[in-house]
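Asker: Using only what follows, build the 3D model:
(one chain, ligands or ions: 2)
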Amino acid sequence: MVRVVRATQVEIETAVQALRDGELVAFPTETVYGIGANAQNPAAVRRIFEAKGRPANHPVIVHLDSPKYLHRWVRAVPDGATRLAEAFWPGPLTMVMPRAAHVHDVVTGGQDTIAIRVPGHPMAQQLLTAFGGGIAAPSANRYGRLSPTRAEHVREELGDAVRVVLDGGECQIGLESTIVAFEGPTVRLLRPGSVTAAQIRAVVGELTIGPAQDSARVPGGLPSHYAPVTPLTIVPAGEIDAQADAASGGGKRIAVLAQRLPLRSHKYVTWINAGRRPESYGHDLYNNLRTLDRAGCQRILVQEVPEGERWDAIRDRLLRAATSVAQSDEGSGTLAVLP
Ligand code: TXA
Ligand code: MG
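Answerer: Ligands and ions are numbered 1, 2, ... in the order given. Model (predicted):
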């Protein structure tokens, strides 16, 4: 389903005025909803951190309506970034580059780099163009929690801390943008997203996967992020029915996020079949986890997703949402047991 969502002129004017007043505005992007502030107003950006309960040294992404303003924010735009911008902007890609001198420390977490994204959502574009500047915006959730993919999630997460919530319906992609960093000659994938590693490699050649050893810069890179409140365990695909039965023994309520229907009926189990297509699985993931989190269950069991790059972003978010990963009988080499 393709929805073209545009805000009314009055909504956009109200949002722009709020940004100029140093207030927060939540807005839809094609990935997830963001909570935005004028990126050139450090006091306004600080309010984002307060609203989210996020540690102050974590950098935020600056959103622009067009790459033509990159040079205002970036000291030296790497060739590879220019090519990636041509290929994927506007779209679900964020690039970390050397920052321009005037950029405030509160935006960059005091680092020498800045993360920039040109989102494709028509309402985000409308807002950015009308505002005429950069909007600093992390995902519009409480720190460490599930990202919002609907306007009502933003209200649930942040309540009155946000002056304006622009409602653009459900986010098309549903998972946060792919993040790449340019570090000298190295291009590094910091967060997988719907723009895949192969697509980036096709444009820039070599791509190094994962954060540098000395770097704790991506909070989404820490365990226990993108997480529901209910403890979540990843379960090998073939064991999901058996584990649901075992876990719900004695009448304990259990939630399951699977990729098929249950093989038999489980009395105390709330079961969501999220299907086998990564696009729709990713689109629904956070909403499904929110639903299961509210179902009054003691645990959420998630059927392990398939191998392969199309599932990379989903696998990454699930591993960060998980409090534990059940080992398969055959012993899965790729999954570690998280604390
Ligand atoms: O899809 C998205 O990227 C959404 C929408 C709203 O654009 N935004 C989003 O922002 O997911 P946030 O703050 O939740 O995640 C951005 C990540 C954070 O993990 C942050 O640490 C990292 O980007 N980041 C920001 N600036 C950085 C920098 N200069 N160096 C390294 N990582 C950076
Ligand atoms: Mg986030």
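Asker: my read: V16 touches A130, true?
Answerer: Yes. Counting by Cβ atoms under 8 Å, V16 touches A130, with 5.0 Å between them. Where you see a C-beta, it was placed from the backbone N, CA and C, and this is true even at glycine.
Asker: In space, what's closest to the residue in the stretch 101-250 of the chain that ligand 1 sits nearest to - neighbours in sequence excluded?
Answerer: When scored by Cβ to the nearest ligand atom, the stretch 101-250 of the chain has P138 as its residue closest to ligand 1, at 2.9 Å. Leaving aside its chain neighbours, P138 sits nearest to V60 (4.9 Å; criterion: Cβ to Cβ, 6 or more residues apart in numbering).
Asker: Equivalent analysis for A136, please.
Answerer: Using Cβ to Cβ, 6+ apart and skipping residues adjacent in sequence, the residue nearest A136 is A39, 4.0 Å away.
Asker: give the contact list for the one you found.
Answerer: By Cβ atoms under 8 Å, 6 or more residues apart in numbering, A39 lies in contact with 45, 62, 103-104, 107, 133-136.
Asker: Let me have those residues in CSV, extended by distance to ligand 1.
Answerer: Shown next, in CSV, are the contacts of A39 (distance: Cβ to the nearest ligand atom, whole Å):
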residue, distance to ligand 1
V45, 12
V62, 8
V103, 10
H104, 12
V107, 8
G133, 16
G134, 12
I135, 9
A136, 9
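Asker: what about the longest helix in the chain?
Answerer: helix 278-293 (DSSP state H).
Asker: What residues of it count as buried?
Answerer: Using 16 or more other Cβ atoms under 10 Å as the test for burial, helix 278-293 gives 278, 281-290, 292-293.
Asker: now swap in stretch 261-273 and tell me
Answerer: Residues 266, 268-272 are the ones in stretch 261-273 that count as buried (16+ other Cβ under 10 Å).
Asker: Please give the element, helix or strand, for A115.
Answerer: Counting by DSSP states H and E, the element that carries A115 is strand 113-117.
Asker: List phi and psi for R264.
Answerer: Main-chain dihedrals, R264, degrees, to the nearest 10: phi -150, psi 170.
Asker: nearest residue to it other than its sequence neighbours?
Answerer: Spatial nearest neighbour of R264, chain neighbours left out: D241 (6.8 Å); criterion: Cβ to Cβ, 6+ apart.
Asker: Repeat that for W89.
Answerer: Closest residue to W89 apart from its sequence neighbours, by Cβ to Cβ, 6+ apart: V118 at 4.1 Å.
Asker: cool, and I114?
Answerer: Leaving aside its chain neighbours, I114 sits nearest to R99 (3.9 Å; criterion: Cβ to Cβ, 6+ apart).
Asker: Now the phi/psi pair for the one you found, please.
Answerer: Torsion angles, degrees, to the nearest 10, at R99: phi -80, psi 150.
Asker: out of V16 and A130, which sits in the more crowded spot?
Answerer: The neighbour count for V16 versus A130, taken as other Cβ atoms under 10 Å, is higher for V16 (21 against 15).
Asker: residue contacts, T233?
Answerer: Residues near T233 by Cβ under 8 Å, 6+ apart: 299-302, 322-326.
Asker: mind running it again at 10 Å?
Answerer: T233 makes contact with 243, 247, 254, 299-302, 322-326, 338, according to Cβ atoms under 10 Å, 6 or more residues apart in numbering.
Asker: Now tabulate the residues you listed in a markdown table and tack on distance to G159 and neighbour count.
Answerer: Converted to a markdown table, the contacts of T233 look like this (distance: Cβ to Cβ, whole Å; neighbours: other Cβ atoms under 10 Å):
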| residue | distance to G159 | neighbour count |
| --- | --- | --- |
| Q243 | 36 | 19 |
| A247 | 33 | 23 |
| I254 | 30 | 25 |
| R299 | 28 | 20 |
| I300 | 25 | 26 |
| L301 | 31 | 26 |
| V302 | 28 | 26 |
| A322 | 28 | 22 |
| T323 | 26 | 17 |
| S324 | 31 | 14 |
| V325 | 33 | 21 |
| A326 | 36 | 20 |
| L338 | 30 | 14 |
